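Student: My questions are about this predicted structure, shown below with the sequence.
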Amino acid sequence: IILTGDSFTEGYSVHSNESISAILRQLDFNVISIGKGGNGPLTELAALKEYAKPLKPKIVFWLYYVSDLHDIESEMKSPILSKYLFEDDYSQNLISRQEEIDDVLINYVQSKWKMEREGERWIINLLKLSKLRNMINLKPALNFTPIPFFRDILQESKQMVSNWDGKMYFVYLPSINRYLTGSEDLYRDFVLQTASELDIPIIDIHNEVFEHHQ
């Protein structure tokens, strides 16, 4: 099983033995998570092409959260990420370039640390504030139409998984606002309808879990 998604899939605020993938491994499933905080649908497609396609898992869980549609706006502005959607065989062969990736990440962290030491904390705090705004799920004002891109990304992902005889499941994670305010998630009906029309099996965590508990 491979899981793709954002911070929920990564297990952003829990211990490493409490993430979704860790719990599944405790239940004797063979699981790898390629989820990462901040990932949106296009990045998740890219991750599947780079890391799932070489491994050809029997099952792929695509974990969706309400901020994902908003993420597509910035992702589609990336020439590299766009290639994963518009070029069928595009790959950077990242799975075999880990040492190079490590070097890039180390250099990035060192440059950020240098900026912190030099007293430019206000820049980092501004970035953190921007991230916090996304995490608390303020309803985004979308300035473009993510609908066709979202459908295309899901369709491309399902087709790719099907090509190696795997099966993809769409896992819908409800936002906390649903339970704090009683209001439905933004675009919930559209998202679930899109997955249904593409014949992707849906696991709705609200229906499966929270609906049965006070």
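Tutor: Received the coordinates, thanks.
Student: Just give the closest residue to the spatially most central residue of the chain, not the sequence neighbours.
Tutor: In the chain, the centroid-proximal residue (Cα atoms, centre = their mean) is G5; its distance is 2.6 Å. With Cβ to Cβ, 6 or more residues apart in numbering as the criterion, G5 has its nearest non-adjacent residue at 3.2 Å, and that residue is L63. Any C-beta I mention is one placed from the backbone N, CA and C, and that applies to glycine too.
Student: Could you look up the SS state of that neighbour?
Tutor: strand (DSSP: H, G, I helix; E, B strand; the rest coil).
Student: Local confidence estimate at it?
Tutor: Note on L63: pLDDT of 97.
Student: Which parts of this structure are helices?
Tutor: With DSSP state H, the ranges of helices along the chain come out as 7-10, 20-26, 41-47, 53-55, 68-75, 79-86, 98-117, 121-135, 147-163, 177-181, 188-197, 205-208.
Student: between these, which gets nearest to G35?
Tutor: helix 7-10 (2.5 Å; Cβ to Cβ).
Student: ok, and what's touching the closest one?
Tutor: Helix 7-10 is contacted from outside by 3, 13, 19-21, 33-39, 63, 65, 135, 173, using Cβ atoms under 8 Å, 6 or more residues apart in numbering.
Student: which one of those residues is nearest N163?
Tutor: I34 (18.1 Å).
Student: Could you list the low-pLDDT ranges of this protein?
Tutor: 119-147 (pLDDT under 70).
Student: mind checking the end-to-end distance for stretch 25-39?
Tutor: 23 Å (Cα to Cα, to the nearest Å).
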